[in-house]
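S.K.: can't give you the sequence, but here's the structure:
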Ligand SMILES: CC(=O)N[C@H]1[C@@H](OP(=O)(O)OP(=O)(O)OC[C@H]2O[C@@H](n3ccc(=O)[nH]c3=O)[C@H](O)[C@@H]2O)O[C@H](CO)[C@@H](O)[C@@H]1O
Ligand SMILES: C=C(OP(=O)(O)O)C(=O)O
């Protein structure tokens, strides 16, 4: 297992490029099961989650070929309806198979996904949606069994306690595109990754109205065709590097997702005193001026994304003054807090909020990554900490950031990935 060592205090300079969006690719790969024709997916990031989704598709019968340069060819001539526990438990997003298998075969048997460290992750809305399409849904021995042989269109309100559901919307769309009649989804997720999925389904022949809005109307068709699609850039990866520039007071260029996908972050960064300009696909950050603390609340898109909350926590941890970061999507998504505290951050959790009192300096320490975005927050903290930061369990990072260590090194940071054996023994945490 690898660890990452960061020597803090180096400014970043140059250009960093974000890859394709993980949260688009995963449901789009699942959507490739909807047709027996070949699908070509481009701008696919090289991430452990993506490779894993490829393996799951192979398990259900698809041929999955990585051509290089981010191009994957997927062809599902024959498809099996079962995705077992051994596969589903390792990656929550594999639940996206539920909708695509129902859409292709009219039936699915998919293991119930577990919760995860960011909090409980129920799928009641996914199931409610399928039932509203007249699918029979049973949970038996840890498996979801869906019989959609008599499915027909219907009206579904997908709102829950925390707003809509992103993968629930993806699942329902994939089931609805081949469901006879018209399906009306109210309170659908409006995330750019759902818009991207709709673009793929549209190219495959699906008839979807209202794309990008909370009301999606799907007119079912018999069969879908193949597709050639370029995935959108990853707004969370882009945002993470914009925050890295602000944090290190650097002049950095970031190529990636546009302001239309990052409006809430753009707004908060301006409020924080960071100068950001976007022109022709490129963000330019000037961050040498004084910073101001900001409060934020995570919300469904276009609100501030929960997937950037941990990284903003690092930025605010070294911004003079007090800021309050409130989670409205995952009330317990604060695993980064205890590790940032170990680096000297002054943070306190109050219910679903983190109260951040900016400190002058963080100091390098051995820390443990606990989930994807918490890992990114620790890498960012390491960039500005005095001394060395050692991060264990970096496999979390590799789920969603393609070669983050290399990308940061290319713009001047001292970030090294090393075998765990090279970490000084007295710094090693339990693993
Ligand atoms: C692969 C992928 O795209 N992952 C993203 C997706 O996760 P994911 O699609 O799993 O997140 P959801 O949008 O479903 O969850 C949002 C909220 O709704 C709740 N909920 C969800 C489904 C349900 O049936 N019942 C229910 O109560 C969840 O517990 C959570 O509090 O959106 C999240 C919120 O933007 C992001 O953090 C994840 O990065
Ligand atoms: C929580 C995330 O991903 P997932 O839904 O795949 O766990 C994320 O991308 O931050």
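M.R.: It's in. Please read these numbers as outputs of a predicted model, since none were measured by experiment. Ligands and ions are numbered 1, 2, ... in the order given.

S.K.: Could you measure from residue 75 over to ligand 2?
M.R.: Residue 75 sits 25 Å away from ligand 2, going by C-beta to the nearest ligand atom, to the nearest Å. All C-beta spots, glycine's among them, are computed from the backbone N, C-alpha and C.

S.K.: show me what contacts that residue?
M.R.: Each residue near residue 75 by C-beta atoms under 8 Å, 6 or more residues apart in numbering is listed here: 32, 36, 37, 38, 39, 62, 63.

S.K.: Dig out what the fifth one forms beta bridges with.
M.R.: Right, the one you point to is residue 39. On the basis of DSSP bridges, residue 39 is bridged to residue 74, residue 227.

S.K.: wait, it sits on residue 224?
M.R.: No. In this structure residue 39 lies outside contact range of residue 224 using C-beta atoms under 8 Å: 9.6 Å.

S.K.: what is in contact with these two at once?
M.R.: When contacts are counted by C-beta under 8 Å, 6+ apart, the set common to residue 39 and residue 224 consists of residue 204.

S.K.: Now residue 207, what are its backbone angles?
M.R.: With angles defined as degrees, to the nearest 10, residue 207 shows backbone torsions of phi -110, psi 100.

S.K.: and it, what is it in contact with?
M.R.: Residue 207 touches 177, 218, 219, 220, 221, counting by C-beta under 8 Å, 6+ apart.

S.K.: tell me the contacts of the closest residue in space to the fourth one that isn't next to it in sequence?
M.R.: On the basis of C-beta to C-beta, 6 or more residues apart in numbering, the spatially nearest residue to residue 220 that is not a chain neighbour turns out to be residue 179, at 4.4 Å. For residue 179, the set of contacting residues under the criterion of C-beta under 8 Å, 6+ apart consists of 103, 133, 148, 151, 152, 153, 218, 220.

S.K.: Counting neighbours, which of these comes out on top?
M.R.: Going through those with other C-beta atoms under 10 Å as the criterion, the one with the most neighbours is residue 103, at 29 neighbours.

S.K.: Just the pLDDT for that one.
M.R.: pLDDT, residue 103: 98.

S.K.: Now do it against ligand 1, distance only.
M.R.: As judged by C-beta to the nearest ligand atom, residue 103 and ligand 1 stand 18 Å apart.

S.K.: which bits of this structure sit near ligand 1?
M.R.: Contacts of the chain with ligand 1, taken as C-beta under 6 Å from any ligand atom, map to 23, 26, 93, 121-126, 160-162, 165-168, 193, 306-307, 329-330.

S.K.: coming back round to it: I'd like the contacts of residue 179 as TSV, with distance to ligand 2 and secondary structure appended.
M.R.: Shown next, in TSV, are those (distance: C-beta to the nearest ligand atom, whole Å; DSSP: H, G, I helix; E, B strand; the rest coil):
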residue	distance to ligand 2	secondary structure
103	21	helix
133	24	coil
148	24	coil
151	26	coil
152	30	coil
153	28	coil
218	23	strand
220	28	coil
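
S.K.: if we can go back for a sec, the residue nearest to residue 220: which element?
M.R.: Here residue 179, judged by DSSP states H and E, is contained in no helix and no strand.
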